[in-house]
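Novice: sequence and predicted structure below; questions after.
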Amino acid sequence: MAEVLVYVDHVDGAVRKPTLELLTLARRIGDPVAVHLGPGADQAAATLGEYGAVKVLAAEAAEFDDYLVVPKVDALQAAYDAVSPAAVLVPSSAEGKEIAARLAVRIGSGIITDAVDLESGDEGPVATQSVFAAAFTTKSRVSKGTPVITVKPNSTAPEAAQAAGTVEQLAVSFGEKASGTKVVSRTPRESSGRPELTEAAIVVSGGRGVNGAENFHVIEELADSLGAAVGASRAAVDAGWYPHSNQVGQTGKTVSPQLYVATGISGAIQHRAGMQTSKTIVAINKDAEAPIFDLVDYGVVGDLFDVVPKLTEEVKTRKG
Amino acid sequence: MSLRIVVCVKYVPDATGDRHFAEDLTTDRESVDGLLSELDEYAVEQALQISEDADDAEITVLTVGPDDAKDALRKALSMGADKAVHVEDDDLHGTDAMGTSAVLAKAVEKTGYDLVVCGMASTDGTMGVLPAMLAERLGVPQVTLLSEVSVTDGKVNGRRDGDAATEQLEASLPAVVSVTDLSGEARYPSFKGIMAAKKKPVESLDLDDLDIEADEVGLEGAWTKVDDATPRPARTAGTVVKDEGEGGKQLAEYLAGQKFI
Ligand SMILES: Cc1cc2nc3c(=O)[nH]c(=O)nc-3n(C[C@H](O)[C@H](O)[C@H](O)COP(=O)(O)OP(=O)(O)OC[C@H]3O[C@@H](n4cnc5c(N)ncnc54)[C@H](O)[C@@H]3O)c2cc1C
Ligand SMILES: Nc1ncnc2c1ncn2[C@@H]1O[C@H](COP(=O)(O)O)[C@@H](O)[C@H]1O
């Protein structure tokens, strides 16, 4: 069976969930071969094998941290040359998309970004995408070269399927362009301890209606009672009430959770672009005419400062 | 020596309009009003700020797109860019990211550049891959997704706010930069700017001028193929209740019924 390269997203060997989804999708096309860059390959290999990786190509080098993007492209290309895969799958993060894009140029292949599903077809893998702020669903494929496809988080439920997961060292020689952009310093983002926004089953978001950073605890308390991630509209982010890394929408994250709770958010097209594919949508807004109510499964017209604390109380009571 | 800045801008269908596909499954750019992609306004703005800080700089705005794309160039010129290049050719219809990046790379080289500034993503395709592809093709450093950027002594410095970390980046010119919507609001064109823009030169180039064969671009030459586009079914209307003191409780009941609690 043909092999499919899967680029691994991990934190020091702890494999992130979107990679397990990629492995699951990759198995529909061929045998997944994982590409693990940086430390922790042996630890990662156990998980990668459990989800179907027949092989784990591993490389460790200071260049991956010291310079932007290109060293990782050099490594992925080395894996591509070693395997001659039927497709290359990369997680749809900002960096993942850039790595995939440069690889596509190098190997002269078409690229599809932000797939939300993938199946095998007569003429190669068929990717489902959600476009124009999720107003349309498209099916596309790469018609020239080896398909390079980036896949969004929450595209499928990870399914285990034990495979060997044998670790092999990948020899990478860095080109002269690899050191073009120096990472002078790096400040890791502090973890909130809450679920990852793009991976969470429930997301609770606050918008301009929250009216101040000091009020966001109302949103956080509801999120915590539900075990949810916290999101924010751009209005709330621009006002400095919540970090940009939590922004949901066109220029923030796309989320597709089981449940999305929008509080004090009007539902502008750019916000909808990032949450419209959520399974269940509920909203709390004091304006009955707010466009967000066009999307909801359940909506409450009311002041969020009345409704949300009572909801949080009720959730806590019911959960015991 | 003057700093030559090329800003890549895209003409896109208005996101608040009724965007859809044409019969050949390309983006319909005719029946929906178009405009300069809002995310590329940030690129124009940063280019203007960089040029204001430089001794001597010249900004060229570049677009690959249909005849109407001139509107996007005019807007950028009225914000303060010096001149424009419009790559326009009937054979370009349906070109995908691989093709567009090849055309942009040729056009940037022909124009001459020290710095290329792009937006973070186009508001129609929303791929966010063009800047990286352009850097790869030009063989120069990519300094992308910056929320802060400056150019001094032949170097680009910038701050990249990623998911896991904030990074401070540095590269030598020539380079390709992309900026996010955190880089600072774009200025509005002044009346004077709008009048001045009418006299600024707009150079038109076709595929011949760039030595690109027609079969390397367009719908036929594309590296990807859209087989199907279906409108997303409208969400079925849900229940909306007015809070009379019980709204929180009612919502909790709904969520419990759906097994979220
Ligand atoms: C290129 C571009 C990209 C963009 N990207 C994004 C993006 O990624 N994400 C994003 O969110 N936006 C984005 N936007 C901005 C978007 O157009 C909207 O401006 C933004 O989403 C509005 O945020 P909001 O709903 O919080 O604020 P508003 O539109 O001001 O809505 C606030 C809502 O809160 C309600 N409210 C106020 N007080 C209360 C209360 N006490 N209780 C209950 N309800 C209350 C009001 O009735 C109102 O409906 C983008 C715009 C552009 C041009
Ligand atoms: N047709 C085009 N003409 C000029 N610049 C473009 C074009 N398409 C994309 N770009 C640039 O590339 C950036 C990223 O676009 P994309 O990868 O399509 O999301 C945009 O913000 C523009 O700066």
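Specialist: Good, I have the coordinates. Ligands and ions are numbered 1, 2, ... in the order given.
Novice: for residue 258, give me phi and psi.
Specialist: As the question left the chain open, I've gone with chain A. phi -70, psi -40 (degrees, to the nearest 10).
Novice: chain B was what I was after
Specialist: The phi/psi pair for B:Q258 (degrees, to the nearest 10) is phi -90, psi 10.
Novice: same check on B:L104?
Specialist: Main-chain torsions, B:L104, degrees, to the nearest 10: phi -60, psi -40.
Novice: what's the neighbour count on it?
Specialist: 26 (other CB atoms under 10 Å in any protein chain shown). For the C-beta atoms, the positions are set from N, CA and C on the backbone; glycine is no exception.
Novice: I'd like the distance between the residue of the stretch 51-200 of chain A found nearest ligand 2 and B:L77.
Specialist: Nearest residue of the stretch 51-200 of chain A to ligand 2: A:A101, at 7.8 Å (CB to the nearest ligand atom). As judged by CB to CB, to the nearest Å, A:A101 and B:L77 stand 29 Å apart.
Novice: excluding its backbone neighbours, what's nearest A:V255?
Specialist: In space, A:V255 comes closest to A:V203 once its chain neighbours are excluded; the distance is 5.2 Å by CB to CB, 6 or more residues apart in numbering or on different chains.
Novice: which SS class is the one you found?
Specialist: Secondary structure, DSSP: H, G, I helix; E, B strand; the rest coil: A:V203 is strand.
Novice: before we move on, the earlier item: A:A101 and B:L77: who's more crowded?
Specialist: A:A101 (31 against 26).
Novice: what strand or helix carries the more buried one?
Specialist: Using DSSP states H and E, A:A101 sits in helix A:94-107.
Novice: beyond that helix, next helix or strand please.
Specialist: Scanning forward in sequence from helix A:94-107 by DSSP H and E, the next helix or strand is strand A:111-119.
Novice: in that following strand, what's buried?
Specialist: A:I111, A:I112, A:T113, A:D114, A:A115, A:V116, A:D117, A:L118 (16 or more other CB atoms under 10 Å in any protein chain shown).
Novice: of the residues you listed, which pair is most distant in space?
Specialist: The most widely separated members of the buried residues of strand A:111-119, counting by CB to CB, are A:I111 and A:D117 (16.9 Å).
Novice: ok and the residue in the stretch 101-250 of chain B nearest ligand 2?
Specialist: Using CB to the nearest ligand atom, the single residue of the stretch 101-250 of chain B nearest to ligand 2 is B:G119, 2.6 Å away.
Novice: pull the number of nearby residues for that residue.
Specialist: By other CB under 10 Å, the residues close to B:G119 number 28.
Novice: ok, now how distant is it from A:K182?
Specialist: Per CB to CB, B:G119 is found 24 Å from A:K182.
Novice: ditto for A:D122
Specialist: Going from A:D122 to A:K182 by CB to CB gives 46 Å.
Novice: which one of those two has more residues nearby?
Specialist: Using other CB under 10 Å as the criterion, A:D122 and A:K182 rank with A:K182 on top: 19 against 6.
Novice: returning to what we had before: my guess is the residue of the stretch 101-250 of chain B closest to ligand 2 meets B:Q46, correct?
Specialist: No: contact criterion CB atoms under 8 Å: B:G119 and B:Q46 do not qualify, at 9.8 Å.
Novice: and for these two, which residues touch both?
Specialist: Taking CB atoms under 8 Å, 6 or more residues apart in numbering or on different chains as the criterion, B:G119 and B:Q46 both touch B:V179.
Novice: relative to A:T137, which of the buried residues of strand A:111-119 is nearest.
Specialist: So of these, ranked by how close each gets to A:T137 (CB to CB), first place is A:V116, at 8.3 Å.
Novice: list the contacts for that closest one?
Specialist: Contact analysis of A:V116 by CB under 8 Å, 6+ apart lists A:T128, A:Q129, A:S130, A:V151, A:K152, A:S155, A:S256, A:T277.
Novice: 10 Å - rerun?
Specialist: The neighbours of A:V116, taking CB atoms under 10 Å, 6 or more residues apart in numbering or on different chains as the test, are A:92, A:127-130, A:134, A:137, A:151-156, A:254, A:256, A:277.
Novice: ChimeraX command to pick out the buried ones of the residues you listed?
Specialist: Buried members of the contacts of A:V116, defined by 16+ other CB under 10 Å, are picked up in ChimeraX with:
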select /A:92,127,128,129,130,134,137,151,152,153,154,155,254,256,277
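Novice: just the contacts of A:V116 now: which is nearest B:G221?
Specialist: Of all these, the one with the least separation from B:G221 (CB to CB) is A:A127, at 19.8 Å.
Novice: and the helices in the chain, which stretches?
Specialist: All of this refers to chain A. A:17-26, A:41-50, A:63-66, A:70-83, A:94-107, A:216-226, A:234-238, A:269-272, A:304-319 (DSSP state H).
Novice: um, chain B though
Specialist: For chain B, the helices defined by DSSP H occupy B:38-53, B:70-79, B:97-111, B:130-138, B:191-197, B:218-221, B:247-257.
Novice: so which of these is the most packed in?
Specialist: Neighbour counts (mean count of other CB atoms under 10 Å in any protein chain shown) averaged over each of the helices of chain B peak at helix B:130-138, with a mean of 26.
Novice: that helix - contacts with which helices or strands?
Specialist: Where contact means 3 or more CB pairs under 10 Å, 6 or more residues apart in numbering or on different chains; DSSP states H and E, helix B:130-138 is packed against helix A:70-83, helix A:94-107, strand B:3-8, helix B:97-111, strand B:115-119, strand B:142-152, strand B:175-179.
Novice: centre of the chain to it, how far?
Specialist: Per CA atoms, centre = their mean, to the nearest Å, the displacement of helix B:130-138 from the mean C-alpha position of its chain is 14 Å.
Novice: can you check stretch B:2-9 too?
Specialist: On the basis of CA atoms, centre = their mean, stretch B:2-9 sits 14 Å off its chain's mean C-alpha point.
Novice: do that stretch and ligand 1 meet?
Specialist: No: using CB under 6 Å from any ligand atom, stretch B:2-9 stays clear of ligand 1, coming no nearer than 13.4 Å.
Novice: let me know the distance separating the residue of the stretch 101-250 of chain B closest to ligand 2 from B:T180.
Specialist: According to CB to CB, B:G119 stands 8 Å off from B:T180.
Novice: for stretch B:151-161, which positions count as buried?
Specialist: B:V151, B:V156, B:N157, B:G158, B:R159, B:R160, B:D161.
Novice: which one of these is nearest B:F191?
Specialist: Using CB to CB, B:V151 is the member of those that lies nearest B:F191, at 29.4 Å.
Novice: which pLDDT value goes with the spatially closest residue to the closest one that is not a sequence neighbour?
Specialist: Among residues not flanking B:V151 along the chain, B:I50 sits closest, at 5.1 Å (CB to CB, 6+ apart). B:I50 carries a pLDDT value of 98.
Novice: my read: B:I50 touches B:E148, true?
Specialist: No: shown here, B:I50 and B:E148 do not form a contact pair, counting by CB atoms under 10 Å, at 11.6 Å.
Novice: can you lay out the helices of chain B as CSV showing distance to A:I265?
Specialist: Converted to CSV, these look like this (distance: least, CB to CB, whole Å):
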stretch, distance to A:I265
helix B:38-53, 19
helix B:70-79, 29
helix B:97-111, 32
helix B:130-138, 30
helix B:191-197, 35
helix B:218-221, 38
helix B:247-257, 15
